[in-house]
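Asker: got a sequence here, can you model it:
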Amino acid sequence: MPIKVLIDDSPMTDGNAIRGVGAYTRFLAQFLKKDKNIDLALAREKRTDFKAEIIHYPFFDLFFSTLPLIKRTRTIVTIHDVIPLLYPKHYLVGKKGILALIRQKLALRNVDAVITDSENSKTDIAKYLRFPLEKIQVIYLAPNPELELASQQEIASVIRKYKLPKKYILYVGDINYNKNIPQLIKTIKFLPKDIKLVCVGKNFRPQNIPEWQAIETQLALSNVVERVKFLTDISGEGSADLAAIYSGALAYVQPSFYEGFGLPVLEAMTCQTPVICANNSSLPEVALNKAIMVEEAKAENFALAVEEILAWNKTERENFIKLAAAHAKKFTWLKTAKATAAVYKEVLKK
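Answerer: Below is the predicted model:
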């Protein structure tokens, strides 16, 4: 008989729906439904006749109560990372957040298994949430299956549509402290003036938070306001546009101080764009030497890596991206779903 699994699909309905935990939930559910050994239901479907053997929460908020204290069936939780606990001075949560964290830790005690994205995050979860290491399973994420190398015609169309520069390096993601965006912006200062920076993400907009203020300050200090383009309006239906934006970049840069996984690294590789990333946290685990790894996450070092790519001839560039693209193909949602189904089976055995 198929295992009856209920997935809390609330991340697919809120601000996380397009990327992040929303995309994780969507793709995981999509590929689990192809497994004949899994009878999958989504919480929003409200199937009254469905009696779950396992409930899977595909997200875990450190500072909000997202996990019930009392569990009536076997429970699995995906915790993507605990980065805010590594940088508490930059993630101020207040008394309510602290109390919620205490409650969430209590709620974790009765969880049957935790799934996380990397060995690095596994170590962090055991350390900061005091969860048993042997109950944490690492299952790698995968790029959006709709992303692929765009044609020159598609790239030209997207450049016109979004008024992108002809030569640009790219970043896709959020602006949280750990993303190290000010150093990314400063990188442009050390590159030829015809090279610009394109940043894609819903939070690249004026707002009264320290992260955006740091971005505005760095733009002014480096005198590169005219050389940075922010894109906030790539929709969840715009996979083709995002693929073309990746494909048209001279290089993709992941400048983070810390990452739980770093999915855009694989997305860029899939679109055959050379990747530069900081050599820290989970990034070496994901990139596996198929990117230019920067030892210290500083603007000058990222600029040197970009200049290295600019100096390649056509053959050198093609060889580099060919190896990286082959590496990225090893990460698939089918593999992720199969590994997740294996965790379900193991939990039921116990």
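Asker: C-alpha from now on. contacts and neighbour counts both.
Answerer: Noted.
Asker: pLDDT of stretch 121-131, averaged?
Answerer: Averaging pLDDT along stretch 121-131 yields 97.
Asker: same question for stretch 261-277.
Answerer: 97.
Asker: also stretch 99-115?
Answerer: Mean predicted lDDT for stretch 99-115 stands at 97.
Asker: pull up the distance across it, start to finish.
Answerer: 24 Å (C-alpha to C-alpha, to the nearest Å).
Asker: equivalent analysis for stretch 138-155, please.
Answerer: For stretch 138-155, the first-to-last residue distance is 36 Å (C-alpha to C-alpha).
Asker: what are the ranges of the helices in this protein?
Answerer: 20-32, 83-86, 94-108, 119-128, 152-162, 181-189, 210-222, 239-247, 263-270, 283-287, 299-310, 314-328, 333-349 (DSSP state H).
Asker: looking at these, which is buried most?
Answerer: helix 263-270 (a mean of 27; mean count of other C-alpha atoms under 10 Å).
Asker: output the below-cut-off pLDDT ranges for this structure.
Answerer: Confidence mapping of the chain against pLDDT under 70 gives the ranges 13-19, 235-237.
Asker: give me that answer again for 50
Answerer: Across the chain, the ranges flagged by pLDDT under 50 are 17, 236.
Asker: circling back to that earlier point, and of the helices of the chain, who's closest to I139?
Answerer: Comparison of the helices of the chain against I139 by C-alpha to C-alpha identifies helix 333-349 as nearest, at 6.2 Å.
Asker: tell me the angle the closest one makes with helix 20-32.
Answerer: Interaxial angle, helix 333-349 versus helix 20-32 (axes from the mean of the first three to the mean of the last three C-alpha atoms, to 10 degrees): 80 degrees.
Asker: closest one to L62 among the helices of the chain?
Answerer: helix 94-108 (5.4 Å).
Asker: tabulate the helices of the chain (JSON lines), appending distance to V77.
Answerer: What follows is those, written out as JSON lines (distance: least, C-alpha to C-alpha, whole Å):
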{"stretch": "helix 20-32", "distance to V77": "12"}
{"stretch": "helix 83-86", "distance to V77": "17"}
{"stretch": "helix 94-108", "distance to V77": "8"}
{"stretch": "helix 119-128", "distance to V77": "12"}
{"stretch": "helix 152-162", "distance to V77": "38"}
{"stretch": "helix 181-189", "distance to V77": "30"}
{"stretch": "helix 210-222", "distance to V77": "29"}
{"stretch": "helix 239-247", "distance to V77": "28"}
{"stretch": "helix 263-270", "distance to V77": "20"}
{"stretch": "helix 283-287", "distance to V77": "22"}
{"stretch": "helix 299-310", "distance to V77": "36"}
{"stretch": "helix 314-328", "distance to V77": "26"}
{"stretch": "helix 333-349", "distance to V77": "11"}
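Asker: mind checking the ones you listed for the one nearest to K229?
Answerer: Of those, nearest to K229 by C-alpha to C-alpha is helix 152-162, at 9.6 Å.
Asker: for the closest one, which helices and strands make contact with it?
Answerer: Judged by 3 or more C-alpha pairs under 8 Å, 6 or more residues apart in numbering; DSSP states H and E, helix 152-162 is in contact with helix 239-247.
Asker: just the CA coordinates for the helix it packs on, please, in CSV.
Answerer: Extracted in CSV, the C-alpha atoms of helix 239-247 (Å, rounded to 0.1, in the frame of the first residue of the first chain):
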residue,chain,number,x,y,z
SER,A,239,11.2,31.0,-15.9
ALA,A,240,12.1,31.6,-19.6
ASP,A,241,12.9,35.2,-18.8
LEU,A,242,15.1,34.2,-15.8
ALA,A,243,16.8,31.6,-17.9
ALA,A,244,17.6,34.2,-20.5
ILE,A,245,18.9,36.7,-17.9
TYR,A,246,21.2,33.9,-16.5
SER,A,247,22.3,32.9,-20.0
